[in-house]
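Colleague: Model the following, please.
(2 chains, ligands or ions: 5)
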Amino acid sequence: MGRKLLIHNDKVPGINTYEVYRAHGGYASVEKALKTMQPDQVTEEVKKSGLRGRGGAGFPTGMKWSFLAKPEGVPRYLVCNADESEPGTFKDRYLMEKIPHALIEGMITSSFALGAKTSYIYIRGEYFYVARIVEKAIAEAYAAGWLGKNILGTDFSHDCYVQVGGGAYICGEETALLESLEGKRGNPRIKPPFPAVAGLWGCPTVVNNVETIAAVVPIVNMGGEEYAKIGVGKSTGTKLISASGHINKPGVYEIELGITVEDFIYSDEYCGGIRNGKKLKAVVAGGSSVPILPTELILRTAKGEPRLMTYESLSDGGFITGTMLGSGGFIAMDEDTSIVKNLFTFSRFYHHESCGQCSPCREGTGWMEKILQKFLNGTANESDVDLLWDIQSKIEGKTICPLGEAAAWPVAAAIRHFKQEFIDIARSKKFVDISHYDRLNKLVRA
Amino acid sequence: MKVTIDGIEIDVPKGTTILEAARMIGPEVAPPTMCYYSKLKTSGGYCRTCIVKVTQGSTANPNPMPKPVASCRTEVMDGMVVENTINKEVLEARKGVVEFLLMNHPLDCPICDQAGECHLQDLGYEHGAANTRYEFPRREFEKIDIGKYVQLHMTRCIMCFRCVKVAEQLTDNRVHGVMHRGDAAEISTYIENVIENEFSGNVIDVCPVGALTDKTFRFKSRVWFTKPVDASCDCKKCSGKVRLWLKGNDVLRVTARKDQWGEVEEFICNECRFERKNTADWKIEGPSPIHRSSVISQNHYNHLNELKVQVMKQQKALGFMDINKRP
Ligand SMILES: Cc1cc2nc3c(=O)[nH]c(=O)nc-3n(C[C@H](O)[C@H](O)[C@H](O)COP(=O)(O)O)c2cc1C
Ligand code: SF4
Ligand code: SF4
Ligand code: SF4
Ligand code: FES
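Modeller: Ligands and ions are numbered 1, 2, ... in the order given. Got it, this is the predicted structure:
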């Protein structure tokens, strides 16, 4: 059994309540930090831990914190990104739903390190019931004195608020999130300036993912060095993986970074193998935005080494033969899966979620979806594959925010590894049934 | 700060953007712009036509920037090296942007008031491809009258956000400008509220395409059949420095004066723009400088005749058939 640091208590009855959480050692990190450490020491421990952002980009958290500008007399903010909308990712919801106090404890300890008197948890609109759970936990934390004025009798005071989003994927992009939090339209900002210098209300701000913030709790409790012993190389600690698709046991798993992908898919501790004895065809390893890989390449790198669940190993080979750990949305597809149909679903999503600020993403995402629709309608030509390739290349790297890339990469990877499938469909002129989307649309609108 | 653009070095003050530095060198190296507007704060960054490649970040950090950057929103660093017209990758990417901008565009230039002074036409001509690869129905919207003087034809809008910035920065009473998102985004009719404002007419001038047009001028004439002259008046609300577009002695249209980059020199008030339509209202200063490559300059200026003579000489020297004798 791998070590668990975040959701080890998820099955404890009542762990969502303050009393049970506290009885299981909750809020120890706040006590330790406030009573025995200086803010900079906390940041130092996070640096030593090697923790990397769990929201997708994998940026070293300690470094991000140390970039935070600290001008005199200007408030600083910590904002928790709980907008989790990447298809295939649902770990933050699990954590907040099961152990909401883990996030709040992390918020307090992290805010102490950053010198933030106020923090916000920006929760995805569709997670309204999760917002209630978190709000209740915040109320409990206030009642028990972990939030509010002079926490534990020190001169550290802190307020934490929940803000529910309107349900747009783009509001997960950190600057769009800040705009939305300020009550504006959730359009990504043009960077620089970065949030660390001018974030919320123009003040220095750190934006971190739910899991990143929750991981600060064990780091402070056990010490950064101890945490860094888990994992391989620059991928330290544990990571929540949202496993979905054609596997026997879909769900949220906490893994030690460094186990093999093969182990993760086939062992009983995790996914338990492919459903109905089928063969694995492909995996999207880090949420819908990251490149899809065929079985050969997800289990082994191009060099033939076993692929590990780490930032480095998954991206070994670049985009030609590798992918990314991303947010840890692990989607497995069996041999019966149509890559083209799956890609259509993704492209449809990005088209729907583009904010429309910049031309390549606004126009290109819709175009790609329309062409993919042609494949499903049985009206595509072989040349449409090349056209798709060209369009994605003209979006990638030319947009304001990474949503453009998120839309382009899956198209590029599907063509790179499964071109023949596109060509076969184009030649066969077969109609692929996607009427369930229409039914879904109707349900959503009803 | 020293910056090199397409091999030409220039010294610029700190805080200058790559685009402004390129404009200082001259139009040969200046990237095209569809959304940036030097007179509007926070403009630029959206259309991506001005993207360039930074092959050396600065003297201190000589690494190239991994992705092409929007030159209008990227400040120069000392020792930066930038490639625009000499970089194939940039030109290819720009072609892609033009294709995206034209993809859902109606291209109904023959019935569009903007034709002849349209930045999208110029852009498409210079950087676009001859054919479109887009085969699907194009986006369409109803025309909307936003007040007495301005019409919004969203179908032609390229979402440059300039009108939104004008509304935000020149007029009060206005917060929102865009509704919906992605390719369904549109300039909001909220703008109707603003049309009462004395400077609202400037949205027409900043609009690079024929999405916002002057209702007092609509369909009166093709711009190249009118003659632009610079004129002024004693206006209490604005500088009173305008451009009149004449046909005979009739003032068909009043606009602000525009500079070399197609940007308004000074914003003008609605009274000057929409109400003063008599030559008697104005002190005429003389013909407006119009670039000779512009269709508007046709038939207006003598230098065109000189140019024609020059071209004919050249062509004769190269053994071409006489321009006037071609079938
Ligand atoms: C389109 C888009 C959507 C994103 N959605 C999320 C999200 O739902 N949750 C999240 O934590 N990060 C999301 N991110 C990443 C954030 O911008 C940011 O990198 C992250 O919140 C930083 O936190 P971390 O360093 O703790 O990972 C998204 C990025 C983009 C471009
Ligand atoms: S890349 Fe897409 S989502 Fe991001 S700013 Fe541009 S249009 Fe908006
Ligand atoms: S806006 Fe420009 S390109 Fe579009 S129809 Fe009018 S003149 Fe033509
Ligand atoms: S209406 Fe004109 S100025 Fe306004 S966003 Fe559209 S193209 Fe730009
Ligand atoms: S002019 Fe620079 S992005 Fe539009």
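
Colleague: Could you check how far the residue of the stretch 1-150 of chain B found nearest chain A is from ligand 3?
Modeller: Chain A sits closest to B:G96 of the stretch 1-150 of chain B, with a gap of 3.1 Å, by CB to the nearest CB. For every residue, glycine as well, the C-beta is placed using N, CA and C. Going from B:G96 to ligand 3 by CB to the nearest ligand atom, to the nearest Å gives 18 Å.

Colleague: Could you do A:I133 as well?
Modeller: Relative to ligand 3, A:I133 is positioned 51 Å away (CB to the nearest ligand atom).

Colleague: And for A:T154?
Modeller: Counting by CB to the nearest ligand atom, the gap from A:T154 to ligand 3 is 63 Å.

Colleague: and that residue, how many residues sit next to it?
Modeller: A:T154 is flanked by 11 other residues according to other CB atoms under 10 Å in any protein chain shown.

Colleague: Just list the residues touching the nearest residue to it once chain neighbours are set aside, thanks.
Modeller: The shortest distance from A:T154 to any non-neighbouring residue, by CB to CB, 6 or more residues apart in numbering or on different chains, is to A:L34 (5.0 Å). The contact partners of A:L34, taken as CB atoms under 8 Å, 6 or more residues apart in numbering or on different chains, are A:F112, A:I151, A:L152, A:T154, A:F156.

Colleague: and A:L34, what pLDDT?
Modeller: Turning to A:L34, the model gives it a pLDDT of 97.

Colleague: Helix or strand: which one has it?
Modeller: Assigned by DSSP states H and E, A:L34 falls within helix A:28-36.

Colleague: For the stretch 51-200 of chain A, which segments are assigned as strands?
Modeller: With DSSP state E, counting those that start in this stretch as the criterion, the stretch 51-200 of chain A has strands at A:77-82, A:118-123, A:159-164.

Colleague: Need those strands in a markdown table (columns: mean pLDDT).
Modeller: Below are the strands of the stretch 51-200 of chain A laid out as a markdown table (pLDDT from 0 to 100):
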| stretch | mean pLDDT |
| --- | --- |
| strand A:77-82 | 98 |
| strand A:118-123 | 98 |
| strand A:159-164 | 98 |
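
Colleague: Quick check, the residue in the stretch 1-150 of chain B closest to ligand 4?
Modeller: Going by CB to the nearest ligand atom, ligand 4 is nearest to B:C35 of the stretch 1-150 of chain B, at 7.2 Å.

Colleague: right, and the helix or strand after the host helix or strand of A:A214?
Modeller: Element membership of A:A214 [criterion: DSSP H and E] is helix A:210-222. Remark: after helix A:210-222, the chain's next helix or strand is helix A:224-228, criterion DSSP H and E.

Colleague: Quickly run through the sheet partners of the longest strand along chain A, with directions.
Modeller: Ranked by residue count and defined by DSSP state E, the top strand of chain A is strand A:238-245. When pairing is defined by DSSP bridges, strand A:238-245 lines up against strand A:251-256 (antiparallel), strand A:329-334 (parallel).

Colleague: Touching the last one from outside, list them.
Modeller: By CB under 8 Å, 6+ apart, the list of residues contacting strand A:329-334 from outside reads A:86-90, A:241-247, A:264-265, A:271, A:274-276, A:278-288, A:339, A:342.

Colleague: burial count for B:D78?
Modeller: That count, for B:D78 with other CB under 10 Å as the rule, works out to 13.

Colleague: Can you report how many residues lie near the nearest residue to it once chain neighbours are set aside?
Modeller: Excluding its sequence neighbours, the residue lying closest to B:D78 (CB to CB, 6+ apart) is B:M1, at 4.4 Å. Using other CB under 10 Å, B:M1 has 18 other residues around it.

Colleague: Please list all residues in contact with B:M1.
Modeller: Contacts of B:M1 by CB under 8 Å, 6+ apart are B:D11, B:V12, B:P13, B:K14, B:T16, B:V76, B:M77, B:D78, B:M80.

Colleague: so what's it scoring on pLDDT?
Modeller: Reported pLDDT at B:M1 in the predicted model: 91.

Colleague: Please name the nearest non-neighbouring residue to the residue of the stretch 1-150 of chain A found nearest ligand 3.
Modeller: Per CB to the nearest ligand atom, A:S85 is where the stretch 1-150 of chain A lies closest to ligand 3, at 35.2 Å. Once flanking residues are discounted, A:S85 sits nearest to A:Y169: 4.1 Å by CB to CB, 6+ apart.

Colleague: who's in contact with the one you found?
Modeller: A:D83, A:S85, A:E86, A:F349, A:E353, A:L403.

Colleague: Repeat that for A:G328.
Modeller: Applying CB under 8 Å, 6+ apart to A:G328 gives the contacts A:R54, A:T89, A:K91, A:K239, A:L240, A:I241, A:S242, A:G286, A:G287.
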